[in-house]
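Peer 1: okay, structure incoming, though there's no sequence with it:
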């Protein structure tokens, strides 16, 4: 398998083609409805452009910054890696460069923070930003732990700041269509949901090496445990270590499981029980997050949900095993099924898609531009399509799966209290101790 950073370039190259393919599978009645609704991405005039700072200048962060530059002025870039900071400065030569995100937050003339850091920094950067009076667009997975999500929700409510989670599938029409059909009973009583995610990496053992010049590895580690530098722990492959992420379960899972909760109408709640098992054991001294796994959820309404890895897809979504299932979501009901992924939507019967929804049908939050929706909400102060609580709950669903994988037993969950029922050991996994001097408190 090629290094995922190489494949990311191919993913970006195919982005426009994928969008056209997805649009071609949408039924005509739905496309007509979409055409009749004005786009929510209003490009502001030159005197109405907020000042933006990018924290985390990797590929995803720079893409977010390019996207956000339609609506504001990028005035600052920040990264602990001088090489990535230099890349950002090449694209935005007038932006001031920082290595410490706290210095960015001290600037009163910055209104918006784009958080494109590695996952274990998302919550802390977002907390500091909101307390400093800034609105935040934070990449998924929004958090590293469930406790972090609870803190983010609390601070967002206290400060009144806007936080949009970068789960952009919420703003893709193909997913809204699937969820509206399911929520309106198009497939009858919902029984089960299947989610397929790309398998992760299973490699190692890895050896420590010298920290690259210009890379502040200790700052990069931040609140996570102190370890020797291993290049595979950082940048594109950080997500395959428990210390910093949850493997593809929290990477792609934050996208697809978010759509599951949307389709269930439980995007501010969660499951009642979780059970999981890894399909392979990881190599000692190598990546720690399980590369192949299956997780089973049950909800209070009786719906079951299986989330599993598949080797049918590579890291970039390319087909590795043409006979395997593409990664995506399949809603199964008493009267049929609907399968949706970024590339297409299908159903057990063509009529399930081709028949328009009736007048008065339930309609979900509509956004055709995820970043545009964020900036519109900055002006209106209305909640964005993937606000802080939705981002927290979607990340929590993935974290619950990871905890069940690591503990290896069935867990009962109270989604209202956000605690495991009768399981002290499991509840200890809701938070992680932070390495000093870092703290969530101001």
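Peer 2: Thanks, I have it. Keep in mind the model is a prediction, meaning the values are calculated, not measured. Numbers count the residues shown, from 1 in each chain.
Peer 1: and residue 218, how many neighbours does it have?
Peer 2: 12 (other Cβ atoms under 10 Å). Using the backbone N, CA and C atoms, a C-beta is placed for each residue, glycine as well.
Peer 1: elements contacting the helix or strand hosting residue 120?
Peer 2: Per DSSP states H and E: residue 120 is located in helix 119-131. Packing partners of helix 119-131 (3 or more Cβ pairs under 8 Å, 6 or more residues apart in numbering; DSSP states H and E): helix 101-105, strand 112-115, strand 135-138, helix 146-159.
Peer 1: the longest strand in the chain is where?
Peer 2: Across the chain, the longest stretch assigned as strand under DSSP state E is strand 190-198.
Peer 1: adjacent strands (with direction) for that one?
Peer 2: Applying DSSP bridges, strand 190-198 is found paired with strand 304-310 (parallel), strand 328-333 (antiparallel).
Peer 1: winner for burial among the ones you listed?
Peer 2: Compared across the strands paired with strand 190-198, strand 328-333 shows the largest average neighbour count, a mean of 24 (mean count of other Cβ atoms under 10 Å).
Peer 1: right, and the helix or strand after that strand?
Peer 2: strand 336-340.
Peer 1: can you name every helix or strand that the helix or strand following that following strand contacts?
Peer 2: Later in the chain than strand 336-340, the nearest helix or strand by DSSP H and E is strand 345-347. Using 3+ Cβ pairs under 8 Å, 6+ apart, the elements in contact with strand 345-347 are helix 173-183, strand 336-340, helix 350-354.
Peer 1: just to revisit the earlier point, tabulate the helices and strands packed on helix 119-131 (a markdown table), appending distance to residue 329.
Peer 2: Below are the helices and strands packed on helix 119-131 laid out as a markdown table (distance: least, Cβ to Cβ, whole Å):
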| stretch | distance to residue 329 |
| --- | --- |
| helix 101-105 | 34 |
| strand 112-115 | 26 |
| strand 135-138 | 23 |
| helix 146-159 | 22 |
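Peer 1: and those: which comes nearest residue 37?
Peer 2: Proximity of these to residue 37 was assessed by Cβ to Cβ; the nearest stretch is strand 135-138, lying at 22.9 Å.
Peer 1: packing partners of that closest one?
Peer 2: Strand 135-138 packs on strand 112-115, helix 119-131, strand 163-165, helix 370-380, going by 3+ Cβ pairs under 8 Å, 6+ apart.
Peer 1: cutoff 10 Å now
Peer 2: Contacts defined by 3 or more Cβ pairs under 10 Å, 6 or more residues apart in numbering; DSSP states H and E place strand 135-138 against strand 51-55, helix 59-68, strand 112-115, helix 119-131, helix 146-159, strand 163-165, helix 370-380, helix 388-407.
Peer 1: which one of these is the most hemmed in?
Peer 2: strand 163-165 (a mean of 31).
Peer 1: so who does the closest residue to residue 109 other than its chain neighbours touch?
Peer 2: Among residues not flanking residue 109 along the chain, residue 51 sits closest, at 5.6 Å (Cβ to Cβ, 6 or more residues apart in numbering). By Cβ atoms under 10 Å, 6 or more residues apart in numbering, the contact list for residue 51 reads 72, 73, 74, 75, 76, 107, 108, 109, 110, 111, 112, 134.
Peer 1: give the bridge partners for residue 51, please.
Peer 2: Going by DSSP bridges, residue 51 forms beta bridges with residue 73.
Peer 1: quick revisit: as a markdown table, the helices and strands packed on strand 345-347 with distance to residue 149 and mean pLDDT would be great.
Peer 2: Shown next, in a markdown table, are these (distance: least, Cβ to Cβ, whole Å; pLDDT from 0 to 100):
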| stretch | distance to residue 149 | mean pLDDT |
| --- | --- | --- |
| helix 173-183 | 22 | 98 |
| strand 336-340 | 25 | 97 |
| helix 350-354 | 34 | 96 |
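Peer 1: one step back: pLDDT of the helix holding residue 120, averaged?
Peer 2: In this model, helix 119-131 carries a mean pLDDT of 98.
Peer 1: could you check the angle that helix makes with helix 388-407?
Peer 2: 150 degrees (axes from the mean of the first three to the mean of the last three Cα atoms, to 10 degrees).
Peer 1: in this protein, what spans have low per-residue confidence?
Peer 2: 1-24, 38-47, 312-325 (pLDDT under 70).
Peer 1: center of it, which residue is that?
Peer 2: Per Cα atoms, centre = their mean, the C-alpha nearest to the average position across the chain is that of residue 140, at 2.7 Å.
Peer 1: pretty sure that one sits against residue 258.
Peer 2: Yes. Using Cβ atoms under 10 Å, residue 140 is in contact with residue 258, at 7.9 Å.
Peer 1: joint contacts of the two?
Peer 2: With Cβ under 10 Å, 6+ apart as the test, residue 140 and residue 258 both reach 165, 167, 169, 386, 391, 394, 395, 398.
Peer 1: could you dump those to a markdown table with distance to residue 184?
Peer 2: As requested, the shared contacts of residue 140 and residue 258 are arranged in a markdown table below (distance: Cβ to Cβ, whole Å):
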| residue | distance to residue 184 |
| --- | --- |
| 165 | 25 |
| 167 | 22 |
| 169 | 19 |
| 386 | 21 |
| 391 | 25 |
| 394 | 22 |
| 395 | 27 |
| 398 | 27 |
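Peer 1: now, which of the residues you listed sits nearest residue 277?
Peer 2: Residue 277 lies nearest to residue 398 out of the shared contacts of residue 140 and residue 258, by Cβ to Cβ, at 16.1 Å.
Peer 1: contacts only, for the closest one.
Peer 2: By Cβ under 10 Å, 6+ apart, the residues touching residue 398 are 140-143, 146, 197, 245-258, 295, 307.
Peer 1: swap in 8 Å and give it another go.
Peer 2: By Cβ atoms under 8 Å, 6 or more residues apart in numbering, the residues touching residue 398 are 141, 246, 249, 250, 253, 254, 257.
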